[in-house]
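J.: the following block contains a protein sequence and its predicted model.
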Amino acid sequence: MCICSSFKNLISKSKDFFTFCSHSSFCLKFSLHPALTNASCATICSLLVLLCVLLHPTIGWAWERNTHEELTEHTIRITEADLNTYLINNLGLEGGLNAFVKGGTPQELMKLGSNKEDDEGRSLNHFHEPINDKGLELPVLGGISAINWSLSGAGDQKWSWNDAREYYFKALTSETKADRDENWGKTFRALGQVMHLLQDSANPSHVRDDPHPFDDGLHDYMERRSVGSYIGSGIFSPDPSMLEQSGATRSEPFSNLFDRNIYSGSNPQATLGTDIGVTEYTNANFFSDDTIPGQGSAFSTEITHPTATELVPAPVPSPYLTLPRLGSAAFPGARAAKLTGNQAVAEFLLTNTNFDLIGQLHLDDGVYDAQAQNLIPRAVVYSAAVLDYFFRGDIEVNETKTKFQLTGLVQPGGVCAPIPTMSTGVLDVVVTIPSNLNFGGTASTASLYYEQKDGTRVFDGQFPNPPSGQELLGGPTILHAEIDDPVRWFVVLDGDAGPGTQEKRAIVAKTGLAEWEFVCVI
C-alpha cells in the first residue's frame, strides 16, 4: 500500500492529475501506471515528499509559525508567576521573563525558538507514533522519533533538551556578563524549540505515521484561528508524577511527556487521564486527514482507534459522527468525522466498514474545531510542563550564617572599622540541598561563585558529590575592594537530580546577597 494515502486517493480519482504541496504550492505532475507496485508506490511517495519539502518547505509542519508562537505565548502566561519568581530569586536574572539578554527577552526567545524549530528540514524529526515507538522513518528521507530528537546529545542538533541544559550551566557560570547573556539567550531559544516538539505531538498527523505531504487540515484550520479562543476551561496540569518516574520509551523521565507506553493500540480509554503521554492521547482519539478507517488508508494497520464501530451519529440533522469517550453525541467537541451520505442509513449500517455504502467520512472545519477544543489545551499544558521541569528544585539558604566577614578594630567611640592593612575577607555561604531533590551521582558537584563590582563572576570552590540534607559551607578569601556590599553569590548544582527518578545532568542553582560583617578585635 502506498505510504501517502492522500497520493493514493488522488490516484483513484484520475489517471492523470497534478498535486499541490500543502494548500497552495504546485509540486509535481505525473501519470499512473496500472502496474505500480506497493513498494514502488512507497518509494515514489517518499520522493514526492522530498520534492515537496524542497519546493515547499512547510511540508511536515504540524502548525503554522504564528500558531506555534501563540501556543508558546499562552504557555508562558500560565507559568509566568512562578517562573518569573524563580528566574529572579533563584537565578538572579534581573527582570525575569522581561530581562534583556542576547537576542531579546526570555519570552521573545522562547517564541522565536518555537518558530524556528521547523527550519531546514528539522520537521521530519517531529513525528512519534506511540504504538510502535517510532518516528516518520520515510524511505530516502529518514526522520527519527521526536522523543529521540528532543533528547539528542548536547551539540548533536544544537537545540535539544541537553543543549538547553549545557547553555543553562554556562549562563549561570560564565565569567563575563556578555557570555552569560549569550547563553541565556540560547537557553530560552532551545526551550522554545523543545516545546515546539510537544506542540507538534498534539496534531494527529504527527502521531499517526502520516507525513501529510500535501496538506494538513488541522494545521490550515488553526492558521485561520486564534489559539486564545481554545484556551480556558480545558487547561489542566499533567500529573507531575510522570516526571518522577523512569521513562517508558527511554530512561529519561522527560520522555514521559511524549509517551508512557500505556496505550497499546487496544485500550484507548486509558489515554483520557492526566498521566498519559501527549502522543498517546492524540493517536487514540483523533483522525488525521489520511488515517480515516474505511478510506483505504495505507498507514500502519496497528493504528486502530478511533474505530468505525466506536462512532455514534450526532442528533439529526447533524452530518457528524462523534466519539463517545470525548463527550455526548450532541457535544461539538466530540465530533470525530463528517459523513457525506444519508445519515439514517449511516446509523443503521455503521458497523459495516465499507463506507462506500453509506457515503465517505472526511474531516472538515467542524471536526477541526472539535480537535482544537481538545488538543490546543494539551499543546499548551505539556509545553508548560517543559518549563516546570527544566526550572525546578531549590536550595535552602541559612541567611543568618551567610555573610562576608572582615576583621576590624574598635575605634574611639566604640565604632568597628576595617583595619587599613587588611585587604581581604571571608565569604561564608551556608546552604542545604533538600533531601527530596534526590541530588547525587558520582560526578555531581556543588560550586560556589561570587560576583565582582564589574560583573565578573568568579569560581571560588567546589564540593564533589555533596550530601543532601546537610549544611555546606563555602568560605573563600576575597579582596573586599573588588566586591560590593552586599556581595552577590551563586551556588550551582551540576549532577543527577529528581525528585523521584533522577534526570542525568540536571542543573539547579540559587543566588543571594551576603552582607558585610566586621568581626572586631580590641
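T.: Now that the structure is in, tell me what you want to look at.

J.: residues contacting Thr85?
T.: By Cβ atoms under 8 Å, 6 or more residues apart in numbering, the residues touching Thr85 are Gly96. Any C-beta I mention is one placed from the backbone N, CA and C, and that applies to glycine too.

J.: quick check: buried residues in the helix or strand hosting it?
T.: Using DSSP states H and E, Thr85 falls within helix 65-85. Residues 65, 67-76, 78-79, 83-84 are the ones in helix 65-85 that count as buried (16 or more other Cβ atoms under 10 Å).

J.: give me the pLDDT for Glu120.
T.: Per-residue confidence at Glu120 stands at 89 (pLDDT).

J.: and for the one 3 residues further on?
T.: For Ser123, the pLDDT comes out at 93.

J.: name the nearest residue to it, sequence neighbours excluded.
T.: Gly60 (3.8 Å; Cβ to Cβ, 6 or more residues apart in numbering).

J.: contact partners of the helix or strand just after the helix holding Thr85?
T.: Later in the chain than helix 65-85, the nearest helix or strand by DSSP H and E is helix 106-116. Residues outside helix 106-116 that contact it (Cβ under 8 Å, 6+ apart) are 65, 68-69, 71-73, 75-76, 87, 93, 96-99, 101, 103-104, 159, 184-185, 188-196, 199.

J.: just after helix 106-116, pick out the following helix or strand.
T.: helix 146-150.

J.: by contact count, what packs against that next one?
T.: Applying 3 or more Cβ pairs under 8 Å, 6 or more residues apart in numbering; DSSP states H and E, we find helix 146-150 packed against helix 177-200.

J.: just the CA trace of the helix it packs on, in CSV.
T.: Provided in CSV are the C-alpha atoms of helix 177-200 (Å, rounded to 0.1, in the frame of the first residue of the first chain):
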residue,chain,number,x,y,z
LYS,A,177,28.2,39.1,31.5
ALA,A,178,28.4,39.0,27.7
ASP,A,179,29.0,35.3,27.7
ARG,A,180,26.3,34.7,30.3
ASP,A,181,23.8,36.8,28.3
GLU,A,182,24.6,34.8,25.1
ASN,A,183,24.0,31.5,26.9
TRP,A,184,20.8,32.8,28.5
GLY,A,185,19.6,33.6,25.0
LYS,A,186,20.5,30.1,23.7
THR,A,187,18.8,28.5,26.8
PHE,A,188,15.5,30.1,26.2
ARG,A,189,15.6,29.6,22.4
ALA,A,190,16.3,25.9,22.9
LEU,A,191,13.4,25.6,25.4
GLY,A,192,11.1,27.1,22.7
GLN,A,193,12.3,24.6,20.2
VAL,A,194,11.8,21.7,22.6
MET,A,195,8.3,23.0,23.4
HIS,A,196,7.6,23.0,19.7
LEU,A,197,8.0,19.2,19.7
LEU,A,198,5.4,18.7,22.4
GLN,A,199,3.1,21.1,20.5
ASP,A,200,3.5,19.1,17.3
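
J.: so who does Ala190 touch?
T.: Gly113, Lys158, Trp159, Ser160, Trp161, Asp163, Ala164, Tyr167.

J.: let's go with 7 Å and repeat that
T.: By Cβ atoms under 7 Å, 6 or more residues apart in numbering, Ala190 lies in contact with Gly113, Trp159, Asp163, Ala164, Tyr167.

J.: so what's it closest to, chain neighbours aside?
T.: Nearest to Ala190 is Ala164, by Cβ to Cβ, 6+ apart, at 3.7 Å.

J.: cool, and Met242?
T.: Closest to Met242 by Cβ to Cβ, 6+ apart is Asn256, at 4.3 Å.

J.: pretty sure the one you found sits against Gly277.
T.: Yes - counting by Cβ atoms under 7 Å, Asn256 touches Gly277, with 6.2 Å between them.

J.: how close does the nearest residue to Gly192 once chain neighbours are set aside get to Glu182?
T.: Closest residue to Gly192 apart from its sequence neighbours, by Cβ to Cβ, 6+ apart: Gly113 at 2.3 Å. Gly113 sits 15 Å away from Glu182, taking Cβ to Cβ, to the nearest Å as the criterion.

J.: His206 now?
T.: Note on His206: its distance to Glu182, by Cβ to Cβ, is 32 Å.

J.: could you do Val491 as well?
T.: Counting by Cβ to Cβ, the gap from Val491 to Glu182 is 22 Å.

J.: do the same with Val519
T.: 40 Å.

J.: quick check, Thr67 in contact with Tyr221.
T.: No - counting by Cβ under 7 Å, Thr67 stays clear of Tyr221, with 9.9 Å between them.

J.: circling back: could you count how many residues lie near the residue nearest to Ala190?
T.: 25 (other Cβ atoms under 10 Å).

J.: where does Arg225 land on pLDDT?
T.: For Arg225, the predicted pLDDT is 95.

J.: quick one: secondary structure of it?
T.: Of the three states, Arg225 takes coil under DSSP: H, G, I helix; E, B strand; the rest coil.

J.: just use 44 as the starting number from now, easier for me
T.: Sure thing, new numbering starts at 44, so read that last one as Arg268.

J.: what's the closest non-adjacent residue to it?
T.: Closest to Arg268 by Cβ to Cβ, 6+ apart is Ala415, at 6.9 Å.

J.: the helix or strand encompassing the one you found: how far from the chain's middle?
T.: Element membership for Ala415 (DSSP H and E) is helix 408-433. Here helix 408-433 is found 11 Å from its chain centre; the criterion is Cα atoms, centre = their mean, to the nearest Å.

J.: just after it, pick out the following helix or strand.
T.: Per DSSP H and E, helix 408-433 leads on to strand 439-440 as the next helix or strand towards the C-terminus.

J.: contacting residues around that next one?
T.: Against strand 439-440 from outside (Cβ under 7 Å, 6+ apart): Val474, Thr475, Pro477, Lys553, Gly555.

J.: okay, the residue nearest to the fourth one when sequence neighbours are not counted and Asp125: tell me how far apart.
T.: Here the nearest residue to Lys553 in space, its sequence neighbours aside, is Ile438; by Cβ to Cβ, 6+ apart that works out to 3.8 Å. Distance, Ile438 to Asp125, by Cβ to Cβ: 17 Å.

J.: ditto for Ala486
T.: Taking Cβ to Cβ, one finds Ala486 at 30 Å from Asp125.

J.: now Pro281
T.: Taking Cβ to Cβ, one finds Pro281 at 15 Å from Asp125.

J.: cool, Asp222 as well?
T.: 27 Å.

J.: could you chop this structure up by domain?
T.: 103-332+406-435, 348-402, 439-564 (automatic domain parsing).

J.: check the offset of the longest one from the chain's centre.
T.: Put simply, domain 103-332+406-435 sits 2 Å off its chain's centre (Cα atoms, centre = their mean).

J.: chain neighbours aside, what residue packs nearest to Ile119?
T.: Gln150 (5.5 Å).

J.: check the gap between Thr334 and Pro247 for me.
T.: Counting by Cβ to Cβ - Thr334 and Pro247 are separated by 7 Å.

J.: those two: which is more packed in?
T.: More crowded of Thr334 and Pro247, by other Cβ under 10 Å: Pro247, with 26 against 23.

J.: from Gly484, how far out is the more buried one?
T.: In terms of Cβ to Cβ, Pro247 sits 39 Å off from Gly484.

J.: likewise for Val469?
T.: Distance from Val469 to Gly484, by Cβ to Cβ: 30 Å.

J.: which phi and psi does Gln505 have?
T.: Main-chain dihedrals, Gln505, degrees, to the nearest 10: phi -150, psi 140.

J.: flag the shaky bits of the stretch 344-493 of the chain, pLDDT-wise.
T.: 344, 384-402 (pLDDT under 70).

J.: ok, Arg421 - contacts?
T.: Going by Cβ under 7 Å, 6+ apart, the list of residues near Arg421 reads Ala245, Val321, Tyr324.

J.: neighbours of the second one, how many?
T.: Close neighbours of Val321, defined as other Cβ under 10 Å, add up to 30.
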